[in-house]
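[1] Provided below for reference: sequence and predicted model.
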Amino acid sequence: MSISSSRLFVSLTHRLDAHSVLHLHGRRHPTRPTRFDLAAAHRLHPHLNVHLGLRSLPRRFALGTDLTTPHLRLNYTIITHAYLGPSHTFHLRNPCRSP
């Protein structure tokens with residue numbers, strides 16, 4: 001393997017306080033442009049979280065929220081793309097717990 005074909009992934013996490021966290025990710029691939037991701041999450045309420053994300057290439061912006069109850073978790077996210085426009089995702093989960 002030559003050095004020019006190496007890949008690099010760096011991830012940094014900084015907890016701002018008990019309710020907020022920042023994530024920074026950097027990726028380098030020999031055949032793709034270098035990319036950086038910045039994400040933030042904040043707990044507004046014990047059952048409600050909000051998320052914000054930015055990506056360098058392709059340029060993207062994301063905003064989402066999680067609503068959690070003891071039996072269900074609902075997630076909604078909107079992600080923008082410079083060429084494709086916005087996309088919406090919904091997730092509804094039921095955590096499986098053994099007795």
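    All right, it came through fine. Here the structure is a predicted model, which means the values were calculated and not measured. Numbers count the residues shown, from 1 in each chain.
[2] so where's the longest strand in this structure?
    strand 32-45 (DSSP state E).
[3] next, count neighbours for residue 55.
    19 (other Cβ atoms under 10 Å). Backbone N, C-alpha and C define where each C-beta goes, glycine included.
[4] in contact with the nearest residue to residue 23 once chain neighbours are set aside, which residues?
    Excluding its sequence neighbours, the residue lying closest to residue 23 (Cβ to Cβ, 6 or more residues apart in numbering) is residue 39, at 4.4 Å. Residue 39 makes contacts with 22, 23, 25, 51, 52, 53, 54, 62, as judged by Cβ atoms under 8 Å, 6 or more residues apart in numbering.
[5] relative to residue 96, how far out is residue 39?
    Distance of residue 39 to residue 96, given as Cβ to Cβ, to the nearest Å: 27 Å.
[6] just to revisit the earlier point, what residues of the longest strand of the chain count as buried?
    For strand 32-45, a neighbour-count test (16 or more other Cβ atoms under 10 Å) marks 37, 39, 41, 43 as buried.
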